[in-house]
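1. give the three-dimensional model of this entry:
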Amino acid sequence: MSDVRVLVVEDDPLTARAHAAYVERVDGFALAAVAHSAGEAARALDVRGSVDLVLLDMHLPDGHGLGLLQRLRASGDLVDVIAVTAARETEVVRRAMAHGVSSYLLKPFTFATFRARLEQYAEFRARLATAPDEVVQDEVDRMLGALRPAASQLPKGMSAETLRAVVSVVRSSDGPRSASEVAAVLGASRVTARRYLEHLAESGMLQRGQRYGTGRPEVEYGVA
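-> You can find the predicted model right below:
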């Protein structure tokens, strides 16, 4: 089977280069093109058969990614799409799924997470390619199951609710925050806040830094 040809649609040049490099590191995938706007993406997709999969950002300089996706579907273009975006609004996710995105990947993410999503998509394609002309329910379930990543498991003792609260504190701050500062806002212990912050940093959602003062340097956490 030939490589899956991927179009990266991302307005930020540094992020676009990073995602393009990620694509080329995954076996079975090849970079078809990089587009920095909806217009560039549409032109790349006009070349019939040149793209198998679109990695679509939602925030584009000449419109929303949902608009491009809607136009593609309205024209009958059924190219596969994975949303790769920082757009966290529930309505955006709902509309993206309604227009047939195969997966929804929130920035920031690690290469391991990116690779896993592409490998799940490749497994779906492989199952689809070998399926008979007519399928039974079990075969449909197996094909679609390839697109459903296993639920992300938080480390023992951590809750999704507290994780969201920690992220909210850091994102709403006017700069990086230390574990002590986050703990004070949450009404939690410094140890608890630091555990969540470290998990988020390891996951690529936050970045660590050093804060220097009169005493020992203190670790601080900011938006990646």
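2. tell me, what residue is most central in this structure?
-> For the chain, the residue lying nearest the average C-alpha position, counting by CA atoms, centre = their mean, turns out to be Leu105 (2.3 Å).
3. which phi and psi values does it adopt?
-> Leu105 adopts backbone torsions of phi -110, psi 120, taken as degrees, to the nearest 10.
4. the residue lying closest to it once chain neighbours are set aside: helix or strand, and which one exactly?
-> Leaving aside its sequence neighbours, Leu105 sits nearest to Val84 (CB to CB, 6 or more residues apart in numbering; 4.9 Å). Quick note: C-beta positions are derived from backbone N, CA and C, even for glycine. Val84 is part of strand 80-85 when elements are defined by DSSP states H and E.
5. tell me the mean pLDDT for that strand?
-> This predicted structure assigns strand 80-85 an average pLDDT of 94.
6. which residues are contacting it?
-> Residues from elsewhere that reach strand 80-85 (CB atoms under 8 Å, 6 or more residues apart in numbering): 10, 19, 52-59, 65, 69, 72, 92, 96, 99-107, 117, 121.
7. the helices in this structure, which residues?
-> In the chain, the helices defined using DSSP state H lie at 13-25, 38-46, 65-74, 90-98, 111-129, 137-145, 160-172, 179-186, 190-202.
8. what's the fourth one packed up against?
-> The elements that helix 90-98 packs onto, with contact taken as 3 or more CB pairs under 8 Å, 6 or more residues apart in numbering; DSSP states H and E, are helix 65-74, strand 103-106.
9. same thing with the fifth one?
-> Identification of packing neighbours for helix 111-129 by 3+ CB pairs under 8 Å, 6+ apart yields strand 4-9, helix 13-25, strand 80-85, strand 103-106, helix 137-145.
10. and what of the second one?
-> Using 3+ CB pairs under 8 Å, 6+ apart as the contact test, the elements touching helix 38-46 are strand 4-9, strand 29-35, strand 53-56, helix 65-74.
11. what comes up buried for the last one?
-> What that stands for is helix 65-74. For helix 65-74, burial by neighbour count (16 or more other CB atoms under 10 Å) applies to Gly65, Leu66, Leu68, Leu69, Leu72.
12. helices and strands around that helix, which ones?
-> helix 38-46, strand 53-56, strand 80-85, helix 90-98.
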